[in-house]
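**Student:** I'll drop the sequence and a predicted model, then ask my questions.
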Amino acid sequence: MSLIGEMRRRHVFRAAVAYTVVWWLLVQVAGLLLEAFEAPPWIFQALIILLATGFPVAMILAWFFELTPAGLVRNEDMPEQADSVSGIRGYLNPIVISMLSAAVILFALDKFVWTENPLIDSPGPVAGTAARPNSLAVLPFSNRSSVAEDAYFVDGIHDDVLTLLAKIESLKVVSRTSVMRFRDTQKSIPEISKELKVSYILEGGVQRAGNQVRINAQLIDTATDEHLWAETFDREMSIENLFAIQSEIARAIASALDAELSAVDEQRLDNVPTDSLDAYDAYLLGRQSLLSTTAGANEEAIAHFQQAIALDNDFAGAFAGICQAHLNLYVRTGDTEHFDEAETACGRALSIDGDLAEVHVALGALFRNNGEYARAESQLRKALAAQPQYVEALLELGLALSLQGRIREAETVLLEAERLQPDHWPVHDVLFTFYRNFDDSPDRFDRAVQRAMRVVELIPDSSFAWNNLGTAYHSLQQYEAAKNAWDRALELAPTRTGYTNRGLQYYYEGRYADAAEMQQKAIELAPNDHRAWGRLGESYRLMGGKDEEAQAAYANAIRLAEGMLEINDQDWRTSGLLATYYAHGGRPADARARVESALAVSGRDPEVLLYAALVEQELGDDEAALQALEEMVERNEAFRLYIVDDPDLKSLAGNERFDRLITP
């Protein structure tokens, strides 16, 4: 008999197949378990060596022994024509088939179920997960100048290097927000890399002295804590040299990590946004101000950007910065002049550089705020085509999709932004807005609280973060928690939002004089915000004896809300509120027409149905009010909370249908 025939008779080939399958299964399971317990790499390597060493041993055993119902029997002791069922075939066949089935199942799970899908998986990093290939964190650069005020310049260089690297599609770069907490840290490189889940870290420092600048940088492999690349650049201070150094650093990092640079990447690295060093300096100051959450940050940013433009009137990035700052002020104050300024600045930025992603994001925000949601989406997709990992573009796109009623698409986009930058507070702030204002899931308010809490964790000294947390708690009728959060917000900074929210709390508690006082303080800070005037009107109305003051407040609210709707006639939230102002301002026909328009534009959103109920109740049609409330609850059970709170709806108490809505 030939050797092959003898090996077949002794079932060596079957044993080899079984061993290989078992080997593969053990490797897969061990990989998952060792990763979960963060075991050192040598354990996995030792397992591979052990299994490889065992293979020839297993084949030798298969040659000499046969598995039978009585146990292992030497092949020489087996009859040559022994019944195969009583030998290894009867036992090994089921074993091999079972192992192969298990292998197929494990492969399918790993390929189609366990594979990370950042668009639908739970948000946030998972403790113990390995760093992704070519993942990089650029730690804050140290200021090695003798002048402490140069910190903004150092941060600007750091931000530009980070941004350049993030534009390289084959790299995954952690956001600026995520790395800033490691400024002046005492943590080691391995500790930082473990927290950020990155394979590489870039450190650097900047020294500016007279007309000279020195920038040093070093790339560290976090697995070995060894330098892959390091360089010091000593150059004369000029705009050409600054951008050349930044491009050289980015190219060196890409080369060290074997990251392929596309033609588009090369073009981005060669781009010089301004020829003026002083304009660039002012631009860096403006960007630094935009990153702040203080009350006067946007005004400061505008002043710096305007200075940059005075020095270089073709600085597209500075015009885009002005656009964004004015839009921020428009959203916060309701002053339509800010929108006009933003529109002018965005138009100028586009005329200078129609390919700059920063400009497309600013235009996307502009179109979103004036109700041109499809145009906003188009601009944002252009930005993402140029920079697929542009988180700010993803956030704006998520809001634009939400406003078009494409809720699940919006959530997918926003969770993708979170996957890219899990510690970037604006990501969680937009998700708070999404879950509170747009989502249609029953637990939307719980999710809003979670997101607001995350923003507070990331920027605990921000007044607006605490304001949003209070609003989220209030939506769940957790009034004490809301009060504490709003108290903290006002401790940090007196803002329109803080006073308005505190006034809202007093209003629902029946403390209408205190509510009016808070709204007056809000109006002092934001005299063009219709929401503060509308809430002042409702507080005066329920105080008693303040009818004249209430009507004056409603008149101002109507004028300001109408002005906002001239900019964005798709703003159904403002439209619904305006309907309530009309109802209390003695304009019933306008109130009903406006609420019907808001219902049509919003697709009968539950929030607008609440406004419809308030309008109909004020106009004396309890039946229409009840129908609106019933539809509201049918569409989203979470809105049942608002029925209990609103003092204007208490007149419906005792009605059987109303009582069922309160206590289902």
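**Tutor:** That came through fine.

**Student:** Sketch out the low-pLDDT regions of the stretch 101-250 of the chain for me.
**Tutor:** 101-133 (pLDDT under 70).

**Student:** got the buried residues for stretch 545-563?
**Tutor:** By neighbour count on 16 or more other CB atoms under 10 Å, the buried set for stretch 545-563 is 546, 549-550, 553-554, 556-558, 560-563. C-beta coordinates here come from the backbone N, C-alpha and C atoms, glycine included.

**Student:** now swap in stretch 567-574 and tell me
**Tutor:** Residues of stretch 567-574 classed as buried: 567-568, 570-574 (neighbour count, 16+ other CB under 10 Å).

**Student:** repeat for stretch 651-658
**Tutor:** 652, 658.

**Student:** Enumerate the strands of this structure by residue range, in sequence order.
**Tutor:** With DSSP state E as the definition, the chain shows strands at residue ranges 65-68, 71-74, 135-138, 142-143, 172-173, 200-209, 212-221, 226-236.

**Student:** how about these, which one is nearest His584?
**Tutor:** strand 172-173 (52.3 Å; CB to CB).

**Student:** Domain parsing of the protein, as residue ranges.
**Tutor:** Per the record, the chain has its domains at 3-113, 135-271, 423-493, 506-565, 571-664, by automatic domain parsing.

**Student:** start to end distance for the longest one?
**Tutor:** End-to-end distance of domain 135-271: 24 Å, with CA to CA, to the nearest Å as the criterion.

**Student:** how deep is Asp234 tucked in, by neighbour count?
**Tutor:** The number of residues packed around Asp234, counting by other CB atoms under 10 Å, is 12.

**Student:** any idea how far Ala151 is from it?
**Tutor:** Asp234 is 21 Å from Ala151, where distance means CB to CB, to the nearest Å.

**Student:** swap in Phe55?
**Tutor:** Taken as CB to CB, the span from Phe55 to Ala151 is 61 Å.

**Student:** Between the two, tell me which one has more neighbours.
**Tutor:** Comparing Phe55 with Ala151 by other CB under 10 Å, the one with more neighbours is Ala151, at 17 against 13.

**Student:** Local confidence estimate at Leu47?
**Tutor:** You'll see Leu47 listed with a pLDDT of 68.

**Student:** Look up phi and psi at Gly510.
**Tutor:** The phi and psi values for Gly510, taken as degrees, to the nearest 10, are phi 80, psi 10.

**Student:** That one and Asp646 touch, don't they?
**Tutor:** No. Between Gly510 and Asp646 there is no contact, the gap being 11.7 Å when judged by CB atoms under 8 Å.

**Student:** which one of those two has more residues nearby?
**Tutor:** For Gly510 versus Asp646, neighbours defined as other CB under 10 Å are more numerous around Asp646 (16 against 10).

**Student:** mind checking how far the residue nearest to that one when sequence neighbours are not counted is from Arg502?
**Tutor:** Sequence neighbours aside, Leu614 is the residue nearest to Asp646 in space, at 7.1 Å (criterion: CB to CB, 6 or more residues apart in numbering). Per CB to CB, Leu614 is found 22 Å from Arg502.

**Student:** Help me confirm that Ile239 comes into contact with Tyr280.
**Tutor:** Yes. Under the criterion of CB under 8 Å, Ile239 makes contact with Tyr280 at 5.8 Å.

**Student:** what about the two, which has more around it?
**Tutor:** Ranked by neighbour count (other CB under 10 Å), Ile239 and Tyr280 place Tyr280 first, with 25 against 18.

**Student:** who's in contact with that one?
**Tutor:** 239, 242, 273-274, 308 (CB atoms under 8 Å, 6 or more residues apart in numbering).

**Student:** Look up how far Ala166 lies from it.
**Tutor:** As judged by CB to CB, Tyr280 and Ala166 stand 19 Å apart.

**Student:** Repeat that for Lys650.
**Tutor:** Lys650 is 54 Å from Ala166, by CB to CB.

**Student:** And the two? Which one has more around it.
**Tutor:** Set Lys650 next to Ala166 and count neighbours by other CB under 10 Å: Ala166 wins out with 23 against 13.

**Student:** So for that one, what's the nearest residue that isn't a sequence neighbour?
**Tutor:** Using CB to CB, 6+ apart, the nearest residue to Ala166 is Val173, at 4.2 Å.

**Student:** if I pick the one you found, what's in contact with it?
**Tutor:** Val173 neighbours (CB under 8 Å, 6+ apart): 135-138, 162, 165-166, 389.

**Student:** Now tabulate those residues in a markdown table and tack on distance to Glu457.
**Tutor:** Formatted as a markdown table, the contacts of Val173 follow (distance: CB to CB, whole Å):
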| residue | distance to Glu457 |
| --- | --- |
| Ser135 | 23 |
| Leu136 | 24 |
| Ala137 | 19 |
| Val138 | 22 |
| Leu162 | 22 |
| Leu165 | 26 |
| Ala166 | 24 |
| Gln389 | 24 |
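
**Student:** Drop anything exposed from those residues.
**Tutor:** Buried members of these, scored by 16+ other CB under 10 Å, are 135-138, 162, 165-166, 389.

**Student:** which stretches of the protein have low pLDDT?
**Tutor:** Applying pLDDT under 70 to the chain picks out residues 1-11, 21, 23-25, 27-47, 63-133, 664.

**Student:** ok, Arg541 touching Ala583?
**Tutor:** No. Using CB under 8 Å, Arg541 is not in contact with Ala583, being 11.1 Å away.

**Student:** State the number of residues packed around the residue nearest to Asp646.
**Tutor:** Each residue near Leu614 was counted by other CB under 10 Å, and the total is 26.

**Student:** For it, give me its contacts.
**Tutor:** Taking CB under 8 Å, 6+ apart as the criterion, Leu614 is in contact with 580, 583, 625, 646, 648-649.

**Student:** how about those in CSV, adding distance to Ser289?
**Tutor:** Output for the contacts of Leu614, formatted as CSV (distance: CB to CB, whole Å):
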residue, distance to Ser289
Thr580, 37
Ala583, 41
Ala625, 47
Asp646, 40
Asp648, 42
Leu649, 44
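
**Student:** closest to Val198 among those residues?
**Tutor:** Distances from Val198 to the contacts of Leu614, taken by CB to CB, are shortest for Asp646, at 49.3 Å.

**Student:** Phi first, then psi, for that closest one.
**Tutor:** The phi/psi pair for Asp646 (degrees, to the nearest 10) reads phi -70, psi 120.

**Student:** what's it in contact with, if anything?
**Tutor:** 508, 610, 614.

**Student:** Test my guess that the second one contacts Tyr642.
**Tutor:** Yes. With contacts defined as CB under 8 Å, Leu610 counts as touching Tyr642 at a distance of 5.6 Å.

**Student:** Centroid-nearest residue for this structure?
**Tutor:** In the chain, the residue lying closest to the centroid (CA atoms, centre = their mean) is Val427, at 2.5 Å.

**Student:** quick one: contacts for that residue?
**Tutor:** So, once contact is read as CB under 8 Å, 6+ apart, Val427 ends up touching 391, 395, 414, 417-418, 421.

**Student:** now do 10 Å
**Tutor:** 123, 175, 177, 391-392, 394-395, 398, 414-421, 451, 454-455, 458 (CB atoms under 10 Å, 6 or more residues apart in numbering).

**Student:** Done for today, thanks.
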